[in-house]
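Q: here's a sequence, model it:
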Amino acid sequence: MSEIKKPKLTQEEANLVERQKNLPFFDLDEPLNYFTHVVDYVEQTPLTNPRKKLENLAKAYFVGYEIKEKKYYIELNFNYYNGSYLNVNPFGVWTWEAKCGISDGTKRQFTQDEIDDMQKDPRAKGLGLNMLKVEVLENELEG
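A: Below you'll find the predicted structure:
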């Protein structure tokens, strides 16, 4: 039997799971208490795929979860075609383009560890990448 993969949740979602961790049948007045709260949370959150979010939160209840690492865009402070963001193609070439573009393996979202590593790159000399980072909204997260 294969192991069920734990869903990755944001810190906010993990807090919701922990607050509502009581087993549903322990609350005889509200036997589906956890799932009622989860549905309310999802209905109040603007999402492109609410069914997937419900699935992840339900799965987190039964098999546990992992916390998603925050991701960031690196944005230059001038308005060039609705912003100019660091893009790194599969060959490691850095370009400054719009954050939405063709999906050719180009990386536009970075973890804090990736930003720290990029800051050591000679191409980042004089750039304060941590000062240019903008947190990626949950509905924009890639992969």
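Q: from here on, contacts and neighbour counts on C-alpha atoms
A: Will do.
Q: other residues contacting the top helix by length along the chain?
A: The residue-count maximum for a helix in the chain (DSSP state H) belongs to helix 50-63. Helix 50-63 is contacted by residues 4, 6-9, 13, 17, 21, 35, 38-39, 42-43 when judged by Cα atoms under 8 Å, 6 or more residues apart in numbering.
Q: list only those of those flagged as buried.
A: Burial by neighbour count, judged by 16 or more other Cα atoms under 10 Å, picks out 6-9, 13, 17, 35, 38-39, 42 from the contacts of helix 50-63.
Q: CA atoms of the least confident helix or strand in the chain by mean pLDDT as PDB?
A: Taking mean pLDDT, DSSP states H and E as the measure, helix 33-43 is the helix or strand of the chain with the lowest mean score, a mean of 79. Output in PDB follows, covering the C-alpha atoms of helix 33-43 (Å, rounded to 0.1, in the frame of the first residue of the first chain):
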ATOM      1  CA  ASN A  33     -17.600  20.700  13.000                       C
ATOM      2  CA  TYR A  34     -14.200  20.600  11.300                       C
ATOM      3  CA  PHE A  35     -15.600  20.300   7.800                       C
ATOM      4  CA  THR A  36     -18.100  23.100   8.400                       C
ATOM      5  CA  HIS A  37     -15.300  25.400   9.400                       C
ATOM      6  CA  VAL A  38     -13.200  24.300   6.400                       C
ATOM      7  CA  VAL A  39     -16.000  25.000   4.000                       C
ATOM      8  CA  ASP A  40     -16.600  28.400   5.500                       C
ATOM      9  CA  TYR A  41     -12.900  29.200   5.200                       C
ATOM     10  CA  VAL A  42     -12.700  28.200   1.600                       C
ATOM     11  CA  GLU A  43     -15.900  30.100   0.700                       C
END
